[in-house]
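>>> here is my input; please provide its structure:
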Amino acid sequence: MEKSIPIFFDFGGTVVDTITITQAVFKKAFGKEFSKIQIIQMYKDASRKRMSMDMFFKYPVNPIKLLLNKRKLQKLQEEIFLEKIQLVPQAKETLEKIRKIDNLILVIVTQNPTMANKEYSDKVLKKLFGKSNPFDMTLSGEDKLALITDNFDADSISRSVLIGDLPNDVIVAEMLKISCFGVAWGYSDEGELDTLFIADEFSELHDMILDHIEDLKEDAQKEDQLEEIEFDETEFDDLEFEELDFVEEE
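Below is the predicted model:
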């Protein structure tokens, strides 16, 4: 039986469009319009700084007002997220194709706190995929590295790949010593993602995963070949040595 291959997917920006949702949340909470550029920058800052309050001084949000409305924001986030959540283009059909590949484990790894509640995340995934949810697991928490290492052993991780749209996803993959497939449709431009593997459209991920599997098979074959190499043991007694006359220097 072949070993399973985990494929880790970031959620917001990679699988679903969360930019428009965040715009709607902030507009309803603060009565102000936020541009797509502002939302993207805030998201990047939050990913790097874990929502440091300093970042909000750069945007038209009063930090005190933000703290006072924290519960309201969280409730709005849950309501609007469930109401407006949509897959990015080509995601559903591509994930269905990926799901048919043997020995894969498809895992969502997200820092979105709303997805930590299983009942809520099940509702979200049901809205997105109906009864055909392609994902085997959903992992939610502040630290993606810990989420992966706490739930998968080193052998499984070594066969995996991480798919994401932020520089932080590339960093996590580097720490895990695995490949990162960056996506160009999320919160980062291609130039911001320090990886050789970039998908411009979701449909490209299917073939990229197939290529990854082929690379794993080739590596396994090379290891098997090395193990099968047998060195002939020859007894020195069976060798015939010619007697050599050494000329002693005077």
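>>> for the biggest helix by length in the chain, which helices and strands make contact with it?
Assignment by DSSP state H gives helix 204-228 as the longest helix of the chain. Judged by 3 or more Cβ pairs under 8 Å, 6 or more residues apart in numbering; DSSP states H and E, helix 204-228 is in contact with strand 5-9, helix 91-99, strand 161-164, strand 179-183, strand 197-199. From N, CA and C alone the C-beta is placed, and that goes for glycine too.
>>> how about low-confidence regions in the protein?
1, 45-70, 224, 227-250 (pLDDT under 70).
>>> coming back round to it: using TSV, lay out the helices and strands packed on helix 204-228 together with mean neighbour count.
Listed next are the helices and strands packed on helix 204-228 as TSV, based on neighbours: other Cβ atoms under 10 Å:
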stretch	mean neighbour count
strand 5-9	23
helix 91-99	17
strand 161-164	26
strand 179-183	24
strand 197-199	18
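>>> and these: which comes nearest residue 44?
Across the helices and strands packed on helix 204-228, residue 44 has its closest neighbour in strand 161-164 (12.4 Å, Cβ to Cβ).
>>> can you list contacts of that closest one?
7-10, 14, 109, 148, 169-170, 172-173, 176, 178-183, 186, 199, 205, 209, 212 (Cβ atoms under 8 Å, 6 or more residues apart in numbering).
>>> dump that strand to PDB, restricted to CA.
Provided in PDB are the C-alpha atoms of strand 161-164 (Å, rounded to 0.1, in the frame of the first residue of the first chain):
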ATOM      1  CA  VAL A 161       3.200  20.300  -0.200                       C
ATOM      2  CA  LEU A 162       1.800  23.600   1.100                       C
ATOM      3  CA  ILE A 163      -0.400  25.700  -1.200                       C
ATOM      4  CA  GLY A 164      -0.800  29.400  -0.200                       C
END
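>>> helix or strand right after it?
Next along the chain after strand 161-164, taking DSSP states H and E as the criterion, comes helix 167-176.
>>> which strands and helices lie in contact with that following helix?
helix 36-49, helix 144-151, strand 161-164, strand 179-183.
>>> now do the buried residues in it.
Going by neighbour count (16 or more other Cβ atoms under 10 Å), the buried part of helix 167-176 is 167, 168, 169, 170, 171, 172, 173, 176.
>>> just the closest of those residues to residue 124, please.
Once Cβ to Cβ is applied, the member of the buried residues of helix 167-176 that ends up nearest residue 124 is residue 169, at 20.3 Å.
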